[in-house]
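Chemist: Here you go, sequence then predicted model.
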Amino acid sequence: MTDLTPSTTEQAEIGIIGGSGLYRLDALEDVHEIALPNPYGVPSDDILVGTLAGRRVAFLARHGRGHRLTPSEIPVAANIYALKSLGIREVISISAVGSLREDFAPGDLVVPDQIVDRTRGHRTTSFFGGGVVAHVSLADPYCSRLRPLAAKAARQATQAQVHDAGTYCCMEGPQFSTRAESNLYRSWGMDIIGMTAIPEVKLAREAELCYVGLALVTDYDCWRAETGEADVTAGLVAEVMERNIAAAKDTLVRLIETLDADPVCSCQEALSDAIITEPSVVPKETRVRTNAVSGRYLPLDVADAQDSIAPNSR
Ligand SMILES: CSC[C@H]1O[C@H](OP(=O)(O)O)[C@H](O)[C@@H]1O
Ligand SMILES: Nc1ncnc2[nH]cnc12
């Protein structure tokens, strides 16, 4: 069997996941490109580790460079596992989204605080299973510490409207919504729509990473046709992203400048009371598979674990 254990001496502090329209960061300096296949698969692309605003940053193009992967094909677990293996503790995720409300206009930036999962259940949404069960809290799926910092950085970077909060509706795609679906999501009180934040946000929490989203509004989906607004198309998304990508990059730099070198956050303790399985019954191969994510709770040395690790302790 191929050994998929990630092996690199490269380390980074902050992960950036670039979505539609953001496939590389030219401002990264001293860049190393690393392939990091791991027990959860092969990431969307090689990871670019470099320096940005004085910090070691790992950049990953979510859909791969050239935009090769549909939202359903993105190997999210492999992506998050690879970033975690590099030592990162915070993830900044950039996305294009449609707006489901009048006052979130194309060109605006949203820092979502909530999410509703409308994907179809075919994506890998947990690192656990195979003899270990964990239930992390997702009550606040995005990092409450990073969100205000991101909103502040966005306000400094752009004249555009910045919304501090919003509920992201994550649909499966790759087709855009029907008008009936778009109106249904609006009636449910959702604010923005995209196809990729699930399971990223869930897996980041399981990996004890702080996760913040920077969502760039590119369109009004298809609910506003009566006003003469064009229905969303991939071309429209690409065009609006191109116009706003400089503001997103500037926001990234300003946000990174404000991040602590040694962040303390409850996201980074998310598993401390989540693993319900008695450590002594967790199979060795499961410990090995999940090691980068839960190794601090399920050390590889089973004999030690049996004797000394109480459930839910570190
Ligand atoms: C290119 S239009 C639809 C596409 O754009 C968004 O991707 P991302 O979140 O990676 O910026 C949306 O979720 C769809 O995948
Ligand atoms: N209207 C929309 N629906 C789903 N994903 C999107 N990404 C950008 N605009 C979108």
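Modeler: Here it is on my side, so go on. Ligands and ions are numbered 1, 2, ... in the order given.

Chemist: sec struct for the residue of the chain found nearest ligand 2, please.
Modeler: Using CB to the nearest ligand atom, the closest approach of the chain to ligand 2 is made by residue 98 at 2.3 Å. For the C-beta atoms, the positions are set from N, CA and C on the backbone; glycine is no exception. Under DSSP: H, G, I helix; E, B strand; the rest coil, the three-state class of residue 98 is strand.

Chemist: Around ligand 2, pick out the residues from this structure.
Modeler: Proximity of the chain to ligand 2 (CB under 6 Å from any ligand atom) is limited to residues 96, 97, 98, 176, 193, 194, 195, 218, 219, 221, 232, 237.

Chemist: Filter those residues down to just the ones in strands.
Modeler: Applying DSSP state E to those, the entries found in strands are 96, 97, 98, 193, 194, 218, 219.

Chemist: tell me the pLDDT at the last one?
Modeler: For residue 219, the model assigns a pLDDT of 98.

Chemist: And for the second one?
Modeler: We have a pLDDT of 98 for residue 97.

Chemist: and if you look at the fourth one?
Modeler: Residue 193 is assigned a predicted lDDT (pLDDT) of 99.

Chemist: Against residue 215, how distant is it?
Modeler: 10 Å (CB to CB, to the nearest Å).

Chemist: Now narrow the residues of the chain next to ligand 2 to whatever sits close to ligand 1.
Modeler: Near ligand 1, taking CB under 6 Å from any ligand atom as the test, the members of these found are 96, 194, 195, 237.

Chemist: Settle this for me: residue 197 is touching residue 168, isn't it.
Modeler: Yes. Between residue 197 and residue 168 there is a contact at 5.2 Å, judged by CB atoms under 8 Å.

Chemist: then stretch 236-246 to PDB, C-alphas only?
Modeler: Extracted in PDB, the C-alpha atoms of stretch 236-246 (Å, rounded to 0.1, in the frame of the first residue of the first chain):
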ATOM      1  CA  LEU A 236     -20.400  36.900 -14.200                       C
ATOM      2  CA  VAL A 237     -18.800  35.500 -11.000                       C
ATOM      3  CA  ALA A 238     -15.400  35.400 -12.700                       C
ATOM      4  CA  GLU A 239     -15.800  39.000 -13.900                       C
ATOM      5  CA  VAL A 240     -16.800  40.400 -10.600                       C
ATOM      6  CA  MET A 241     -14.100  38.400  -8.700                       C
ATOM      7  CA  GLU A 242     -11.500  39.800 -11.100                       C
ATOM      8  CA  ARG A 243     -12.600  43.400 -10.200                       C
ATOM      9  CA  ASN A 244     -12.500  42.700  -6.500                       C
ATOM     10  CA  ILE A 245      -9.600  40.400  -6.000                       C
ATOM     11  CA  ALA A 246      -7.200  43.200  -5.200                       C
END
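
Chemist: can you offset everything so residue one is 56?
Modeler: OK, 56 is where the count begins now, so the last one is stretch 291-301.

Chemist: Just the buried positions in it, please.
Modeler: For stretch 291-301, burial by neighbour count (16 or more other CB atoms under 10 Å) applies to 291, 292, 295, 296, 299, 300.

Chemist: Now do the SS call for the residue nearest the centre of the chain.
Modeler: Centroid-nearest residue in the chain, with CA atoms, centre = their mean: residue 255, separated by 4.1 Å. For residue 255, the secondary-structure state derived from three-state DSSP is helix.

Chemist: Report whether stretch 117-136 contacts ligand 1.
Modeler: Yes. Looking at stretch 117-136 against ligand 1 by CB under 6 Å from any ligand atom, the contacts come from 117, 118, 126.

Chemist: Show the end-to-end separation of that stretch, please.
Modeler: 14 Å (CA to CA, to the nearest Å).

Chemist: ditto for stretch 221-236
Modeler: 18 Å.

Chemist: Other residues contacting that stretch?
Modeler: Counting by CB atoms under 8 Å, 6 or more residues apart in numbering, stretch 221-236 makes contact with 125-127, 152-153, 155, 159, 165-175, 177, 240, 243-253, 268, 270, 276-278, 280, 286-288, all of which sit outside it.
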